[in-house]
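**Q** coordinates only, sequence not included:
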DNA sequence: CTCGCGGGTTGACTTGGGGTCAACCGTTCG
DNA sequence: CGAACGGTTGACCCCAAGTCAACCCGCGAG
């Protein structure tokens, strides 16, 4: 059993590191959150870096599950609407109270060199998300090239995250939706009457999700 | 006159901070590059933060100029090709030897809180780039909504930068081009025969730029 | 019962980076 | 000449990461 203290450390670390950035957070702050001494900490983790990696791991599986669940819960017959529903998920993430960008992008920027463990974790996470989107495109839509569409949608999602985070502009989801609609329209076969509404600004799924809206992070 | 030493400090700072991240770089490394003592440094700058801000300022004007120049030098009669030419610039940036993402995004991620000076500088830079793109869309193309198109293209560019930086995938420019082509096709009036080639994968301007390809950073 | 062990404590310590300070040096320019 | 400028050295402070020794407590097994 991973000793509930370890868990609590990881969770506190996620919160702190995500909000303030890894290098900006002293280990002491995390320790204060958990109510533990430094010496005790180093019996659970070898280093601050290892704590961060554990935090990323947690976020990684958690986010994949959340993404999958939320997409599934948007089950509808229309493949184009399904794909657009992706951006309802992104919207929830972006509009969550504590949104500070995608934690994996953040960490990849703090550790710019590709070989660093944190950077690798970020890359792996992105691959995982892309493969979720690819599944969706393959199974549920009549796309002419699901893999290409997944790449495109993921690039748009990244753009939405980072634009929102850097500029603070809450419009970026709407921009992303418009771009996504263009891409989806271009990629989808001309069935279901879904191909020619490329520049409608607001997805029809926008209002479907009105849940708690807490504690999300891309 | 800003005392060429100051300039050299800024330039060394740009290199170091960009490659390794701000917090990862000790001031001593920058000082070693320039060949100056710590005390001397603090006669030029109040703090490491101020050095970083100066470095961002330099990059900001430099990048704006570069962007403007490179776009202008792609002057051609076809508005759609003009807009697509934007992505030749992005491609050069992304494929430059020392590409490590957009330095402004990087710094905005290292300083996630919106009120921090570095974060503000990043936001301002992005606004400036967007207004350059908006100019282009307004002057040179028959876009139905230039402002909206500028937002969309900038979001795509961000997506290309960050995807490339996080995953290391050099394909991301091609993905971005495809997405951009969809958007441009959807946004452009149906003149010049430019509207229905939305999913052609490679822009025709790709090969036009074969210059030195050194020292660019988004 | 006691021994070991897991989880925790304290306090003192080292190392490294940001940043300060005092004192000194050489060139240039009015 | 002397002030101002750009530079030096070496000692110093503070803070955060990480180490170490010593101690405490509860608990299950021999």
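**A** Yep, that arrived. Fair warning: this is a prediction, and the values are worked out from it, not measured in the lab.
**Q** confidence score at whichever residue of chain A sits closest to chain B?
**A** Nearest to chain B, among the residues of chain A, is residue A:159, at 3.2 Å (Cβ to the nearest Cβ). All C-beta spots, glycine's among them, are computed from the backbone N, C-alpha and C. On the pLDDT scale, residue A:159 is placed at 98.
**Q** what about it, how many neighbours?
**A** By the criterion of other Cβ atoms under 10 Å in any protein chain shown, residue A:159 has 28 neighbours.
**Q** surely it touches residue A:173?
**A** No - Residue A:159 is beyond contact range of residue A:173, at 10.7 Å (criterion: Cβ atoms under 8 Å).
**Q** please tell me how far residue A:110 sits from residue B:62.
**A** Distance from residue A:110 to residue B:62, counting by Cβ to Cβ, to the nearest Å: 24 Å.
**Q** what do you get for residue A:19?
**A** In terms of Cβ to Cβ, residue A:19 sits 32 Å off from residue B:62.
**Q** and chain A, which residues reach DNA strand D?
**A** With Cβ under 7 Å from any atom of the strand as the criterion, chain A meets DNA strand D at residues A:25-28, A:38-39, A:42, A:46-49.
**Q** make a ChimeraX selection of the buried ones in the residues you listed.
**A** Selection of buried members from the residues of chain A next to DNA strand D for ChimeraX, criterion 16 or more other Cβ atoms under 10 Å in any protein chain shown:
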select /A:25,27,48
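**Q** and residue A:110 and residue B:62? which has more neighbours close in?
**A** residue A:110 (25 against 14).
**Q** what is the neighbour count of residue A:66?
**A** Neighbours of residue A:66 (other Cβ under 10 Å): 16.
**Q** same deal with residue A:19?
**A** 15.
**Q** which one is it nearest to, not counting chain neighbours?
**A** residue A:100 (5.8 Å; Cβ to Cβ, 6 or more residues apart in numbering or on different chains).
**Q** where does the one you found fall, phi/psi-wise?
**A** phi -140, psi 40 (degrees, to the nearest 10).
**Q** isn't it right up against residue B:112?
**A** Yes - with contact defined as Cβ under 8 Å, residue A:100 reaches residue B:112; the gap is 4.6 Å.
**Q** give the intersection of the neighbour lists for these two.
**A** Residues touching both residue A:100 and residue B:112 (Cβ atoms under 8 Å, 6 or more residues apart in numbering or on different chains) are A:19, A:106, A:165.
**Q** ok, the helix or strand hosting residue A:60 near chain B or not?
**A** Using DSSP states H and E, residue A:60 falls within helix A:48-72. No - using Cβ under 8 Å from any Cβ of the partner chain, we find that helix A:48-72 stays clear of chain B, coming within 12.3 Å at best.
**Q** what's the average pLDDT for that helix?
**A** On average, helix A:48-72 scores 93.
**Q** skip ahead from it and say which helix or strand is next.
**A** Next along the chain from helix A:48-72, counting by DSSP H and E, comes helix A:79-95.
**Q** now do the buried residues in that following helix.
**A** A:79-94.
**Q** I'd assumed residue A:134 was in contact with residue A:147.
**A** Yes - Residue A:147 sits in contact with residue A:134 when judged by Cβ under 8 Å, with a separation of 5.8 Å.
**Q** quick one, helices of chain A?
**A** A:4-20, A:27-34, A:38-44, A:48-72, A:79-95, A:103-110, A:117-140, A:146-167, A:172-187 (DSSP state H).
**Q** the ones you listed: lowest mean pLDDT?
**A** When the helices of chain A are ranked by mean pLDDT, helix A:79-95 comes last with a mean of 87.
**Q** how far does that one sit from the chain's center?
**A** 12 Å (Cα atoms, centre = their mean, to the nearest Å).
**Q** okay, the angle between it and helix A:146-167?
**A** 30 degrees (axes from the mean of the first three to the mean of the last three Cα atoms, to 10 degrees).
**Q** how close does the residue of chain A positioned farthest from its centre get to residue A:31?
**A** Using Cα atoms, centre = their mean, the residue of chain A lying farthest from its centre is residue A:39. It sits 33.8 Å away. Separation of residue A:39 from residue A:31 (Cβ to Cβ): 10 Å.
**Q** go on, residue A:178?
**A** Residue A:178 is 46 Å from residue A:31, by Cβ to Cβ.
**Q** of those two, who's got more company?
**A** Set residue A:178 next to residue A:31 and count neighbours by other Cβ under 10 Å: residue A:178 wins out with 27 against 16.
**Q** pretty sure that one is touching residue B:152, no?
**A** Yes - at 6.0 Å, residue A:178 and residue B:152 qualify as touching, with contact defined as Cβ under 8 Å.
**Q** quick check: neighbours shared by the two?
**A** In contact with both residue A:178 and residue B:152: residue B:183, using Cβ under 8 Å, 6+ apart.
**Q** burial of residue A:36, as a residue count?
**A** Neighbour count for residue A:36, taken as other Cβ under 10 Å: 17.
**Q** which ones are touching it?
**A** Contacts of residue A:36 (Cβ under 8 Å, 6+ apart): A:5, A:9.
**Q** and it, what pLDDT?
**A** Looking at residue A:36, its pLDDT is 95.
**Q** quick check: phi and psi at it.
**A** phi -150, psi 160.
**Q** residue A:27 versus that one, what's the distance?
**A** Residue A:36 is 11 Å from residue A:27, by Cβ to Cβ.
**Q** same question, residue A:148
**A** From residue A:148 to residue A:27 the distance is 44 Å (Cβ to Cβ).
**Q** ok, residue A:130 next?
**A** 33 Å.
**Q** spatially nearest residue to residue A:151 (excluding sequence neighbours)?
**A** residue B:175 (4.6 Å).
**Q** that neighbour: what's it in contact with?
**A** A:148, A:151-152, A:155, B:160, B:163.
**Q** before we move on, what about residue A:133?
**A** A:86, A:150, A:153-154.
**Q** again, only this time at 10 Å
**A** A:67, A:71, A:83, A:86, A:146-147, A:149-154, A:157 (Cβ atoms under 10 Å, 6 or more residues apart in numbering or on different chains).
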